[in-house]
Structures are given as structure tokens and as C-alpha cells.
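Enquirer: how would this look folded up:
(one chain, ligands or ions: 1)
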Amino acid sequence: MEGLIYLDNAATTYPKPQIVYDFMHEFYQKHGVNPGRSGYDMCMATEEVIHATRTMLTRFFNGTDPDRLTFSYNASDSLNMIIQGMLEEGDHVITTNVEHNSVLRPLYHLKHDGIIDVTYLPFDDKGYIDPDDVKREIRQNTKMVVVNHGSNVIGTIQPIGDMGKICRDNGVYFAVDVSQTAGTIPIDMAEMNIDLLAFTGHKCLMGPTGIGGSYVRQDVPIKGTRFGGTGVRSAYPFHLEEFPYRMECGTLNIVGVAGLHAGQKWIAKEGMKNIHQREMKLWDRLRRALQETDGVTTYCADGPEGHIAVLSFNIEGWDAGNVGTMMDVDYNIACRTGLQCAPLVHEQLGTDELHGTVRISIGPFNTDEHIDTAIQAVKDIAARRRE
Ligand SMILES: Cc1ncc(COP(=O)(O)O)c(C=O)c1O
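Expert: Sure thing, here's the model as predicted:
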């Protein structure tokens, strides 16, 4: 799409750094064999890159054991494994209204089947969960708290460290969905008392789609929920208990892992802080302009502090979907409209009745010019309604 202004980076970052495309291509051509299955040189070399990537990501999240950094299809896949692997009949779970459906739906299925009970915490008018609410809602049978680190609708970063401390003090497992923050906001599992973490590869980690994963801390009693080939101890009838096999079955997406490998190198070179600051500068410029525009409402966007570069808004008199279509057709801008897979955020904001919001999400390759065009588009559309 020539001239496309891509502002849908919360859906997936695009483009990826050139090093990611190049390394994936080169790796698959040179090492495209099944890792961990045989002892020939090429197979060992492939396994080395997989292990090196586990190690890089373990360090990145400040875990301790690379075998506990396991790969999956994406965050949804890992969250399913975490939720189904941790929860048992009679358990209570605390989650929040900022969650994505990849948390809400696995919980809802278990709740609907009468297996677990779930408490949903609301966010305050700025978009943050109060850690004291977590504390207040802990019951005798609360097994786990599952929360989103950065919202894909309103962009707020939750006080994960405070919640983690409360969970640890109360003997409750703490699981965090870092889909929107991994690669742009520092995540320290040890300091934040995170027991289980789910990430996706294709957003700020700069990998391709189809790769994600989790890290499960030592002594967390997660059950494996899928079984199959591992390439080792083939005569044993059960799926292997040890990590990484407990969380992985079948042939890995090795090209995806290679993308994450190169993504880690790119993030280290650019500096996560620099990436975030650059994005937030653009975000703030957009936020200010939209907030000065008559008829535009932004949601939970007071300032860049405690935020990722995601901004949701509506224009009075326009359906969010129609705004998205006009931005696309008239200005060649790609953004996202609707409920963004997070229905409870919209229910709480009341935007479900407006068919959601328009969401602009900024990535590392956006420029001032992109943001200026988006601002002009919103101003024009807002003015058109009043003509
Ligand atoms: C907060 C959040 N959690 C989970 C997901 C699911 O990620 P994936 O589609 O890669 O599984 C997303 C994706 O948009 C997200 O924004």
C-alpha cells in the first residue's frame, strides 16, 4: 500500500526492523531443520539459536531459567495454557475490566462451566486499577490474579509492582499479560513479583505473527494442558513434565523464534527507553491536538506518564467505524475501530453504545508527518459534521 500511514501498531507493529526480516530469511535458509530431534550439526545449530533466544528473553524479563521461557503461537495461546493449567474446581480468580478477550474468554468458559468464580475490578476515571481493590477482593480460595500490564484500548500501564507485592504477601499467584508492553516498558519478573507472564511476539517485541510465549516461575504448580511430540524420551507414554516440554508440544515455529531473536538485538541497540520516549512524544502531540479539537473526546489520556502510545477517541456525531473508514479512504491512514477485543473497557466507559472508539496506536517507525496527517484528518472529519 503505497503511502500508507500505519497507525495500528497495537494490533501488530509494522513494519518490522530490517534486521528482523533479514535474519528470519537467512536463518530459515541456513538452519531450517527440526531442532532438538537429532544430533547432526545443522540440527544442533538450530537448537542453539532457539536456546539463545530463550536465554535472551529470560534475561529481558529477569527470569532465572531459560527452560521456563517457553514458546507458543501468541499471547492468547499462552494465556489459555496459564489459565487452564493453573485453575481447578472451586478456585476464585481476580481480574480487571481492562483485560483483552484472551484473558476474559478463557476465564468466562471456566466460570460458565461452574468450575471457577471470577471477580472483575473496575478501573478509575484515569484508567488505572487500584491495587487496594486487589487486596480487598482476595478470598480464602483466591488462586490467582490475572491482569493486563498495558491496555490495548486506553493505553494505561497498570501498577503491576504494587499488585504483585499484594499477591506475594497473600500467597496468591500473579499472572500478567504483557502483550502491549514487552519491548517498550521494562518488565522485571523478580522485582514485580510476577509468577506467570504471557507475551506475544508480533507487537513491540518486533517479531512476526505466530510466535509468543510465557515464563513460569519455579514452584508455580502449572499443569500441562497439551500433549504430543517433544523429540525426546519417545517411549514414555505421558507428555513430559519438565520444562520447556511441559508448555510446548510439536515442532516449534523456528522462523518466529528467529524473528524474536533479531527483535531482541534491535531493541537492545535502539534502547527500550528511547523507543518509548520517541513514541510518547508523538502520542502527546496527537493527544494535545485532539483534545483542543471541538467535538473530539479522548479516553483516559491525561498525559504521557503511565501510558503506552495508544490513544482512543470519538468524534461527536460520527460512528467510530465511519471515522475509521474516512481516515482510510480519504487520508490513507490505517487505524482500528470498534471494541478492540476488550469489551469490558467499553462497557465501563459507556463507549459500547457508540460502537467503540477509534484507536490510534504509534510504533517506532512513525514520524511527525504521520501524526500531523492524522491530526488534520480528525480535525477535518470533526468539522465536516458541523457543516
Ligand atoms: C492486551 C492484549 N492482550 C492479549 C492480546 C492477544 O495477543 P495475540 O493476538 O497475539 O494473541 C492482545 C492483542 O491485541 C492485547 O492487546
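Enquirer: Pull the residues that contact the helix or strand Glu26 falls within.
Expert: Secondary structure assignment for Glu26, by DSSP states H and E: helix 18-31. Applying Cβ atoms under 8 Å, 6 or more residues apart in numbering, the external contacts of helix 18-31 come out as 42, 45-46, 49, 206-208, 254-255, 258-259, 261-263, 265-266. Glycine gets a C-beta too; all of them are placed from N, C-alpha and C.
Enquirer: ok, and for that helix, which residues are buried?
Expert: Ile19, Val20, Phe23, Met24, Phe27, His31 (16 or more other Cβ atoms under 10 Å).
Enquirer: between the residues you listed, which is nearest the ligand?
Expert: Nearest to the ligand among the buried residues of helix 18-31: Val20, at 16.2 Å, using Cβ to the nearest ligand atom.
Enquirer: In PDB, list the C-alpha atoms belonging to stretch 40-60.
Expert: Taking Å, rounded to 0.1, in the frame of the first residue of the first chain, the C-alpha atoms of stretch 40-60 are listed here in PDB:
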ATOM      1  CA  TYR A  40      23.600 -33.700  13.200                       C
ATOM      2  CA  ASP A  41      25.300 -30.400  13.000                       C
ATOM      3  CA  MET A  42      22.600 -28.300  11.400                       C
ATOM      4  CA  CYS A  43      20.000 -29.500  13.900                       C
ATOM      5  CA  MET A  44      22.300 -28.600  16.700                       C
ATOM      6  CA  ALA A  45      22.900 -25.200  15.200                       C
ATOM      7  CA  THR A  46      19.200 -24.600  15.000                       C
ATOM      8  CA  GLU A  47      18.700 -25.700  18.600                       C
ATOM      9  CA  GLU A  48      21.500 -23.200  19.600                       C
ATOM     10  CA  VAL A  49      19.600 -20.300  18.200                       C
ATOM     11  CA  ILE A  50      16.400 -21.400  20.000                       C
ATOM     12  CA  HIS A  51      18.200 -21.800  23.300                       C
ATOM     13  CA  ALA A  52      19.900 -18.400  22.800                       C
ATOM     14  CA  THR A  53      16.500 -16.800  22.200                       C
ATOM     15  CA  ARG A  54      15.100 -18.400  25.400                       C
ATOM     16  CA  THR A  55      18.100 -17.000  27.200                       C
ATOM     17  CA  MET A  56      17.800 -13.500  25.800                       C
ATOM     18  CA  LEU A  57      14.100 -13.300  26.700                       C
ATOM     19  CA  THR A  58      14.700 -14.800  30.100                       C
ATOM     20  CA  ARG A  59      17.200 -12.000  30.800                       C
ATOM     21  CA  PHE A  60      14.800  -9.500  29.200                       C
END
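Enquirer: so how far is it from its chain's centroid?
Expert: Centre-to-centre, stretch 40-60 and its host chain are 23 Å apart (Cα atoms, centre = their mean, to the nearest Å).
Enquirer: returning to that earlier point: out of the contacts of helix 18-31, which is most surrounded?
Expert: The residue in the contacts of helix 18-31 with the most neighbours, by other Cβ atoms under 10 Å, is Gly207 (31 neighbours).
Enquirer: which ones are touching the closest residue to Ile362 other than its chain neighbours?
Expert: Once flanking residues are discounted, Ile362 sits nearest to Ala309: 3.9 Å by Cβ to Cβ, 6 or more residues apart in numbering. Ala309 makes contacts with Asn9, Gly155, Thr184, His276, Glu279, Met280, Leu282, Trp283, Ser361, Ile362, Gly363, as judged by Cβ under 8 Å, 6+ apart.
Enquirer: show me what contacts the first one?
Expert: Under the criterion of Cβ under 8 Å, 6+ apart, the contact partners of Asn9 comprise Lys203, Ala309, Ser361, Ile362, Gly363, Asn366.
Enquirer: And those residues, which is closest to the ligand?
Expert: For these, the nearest to the ligand is Lys203 (7.0 Å; Cβ to the nearest ligand atom).
Enquirer: how many neighbours does the nearest residue in space to that closest one that is not next to it in sequence have?
Expert: Once flanking residues are discounted, Lys203 sits nearest to Thr13: 5.6 Å by Cβ to Cβ, 6+ apart. Applying other Cβ under 10 Å, we find 24 other residues in the vicinity of Thr13.
Enquirer: Please apply the same query to Met272.
Expert: Using other Cβ under 10 Å, Met272 has 17 other residues around it.
Enquirer: ok, so what distance separates the residue nearest to Ile138 when sequence neighbours are not counted from the ligand?
Expert: Excluding the flanking residues, the one nearest Ile138 by Cβ to Cβ, 6+ apart is Asn170, at 5.2 Å. Counting by Cβ to the nearest ligand atom, to the nearest Å, the separation of Asn170 from the ligand is 25 Å.
Enquirer: which residues touch the residue most central in space within the chain?
Expert: Geometric centre of the chain, nearest residue: Ser179, 1.0 Å, by Cα atoms, centre = their mean. With contacts defined as Cβ under 8 Å, 6+ apart, Ser179 is in contact with Ala75, His100, Ser102, Asn148, His149, Gly150, Asn152, Ala198, Phe199, Thr200, Lys203.
Enquirer: For the nearest residue to Ala175 once chain neighbours are set aside, give the beta-bridge partners.
Expert: Sequence neighbours aside, Leu196 is the residue nearest to Ala175 in space, at 4.0 Å (criterion: Cβ to Cβ, 6+ apart). For Leu196, the beta-bridge partners are Ala175, Val216 (DSSP bridges).
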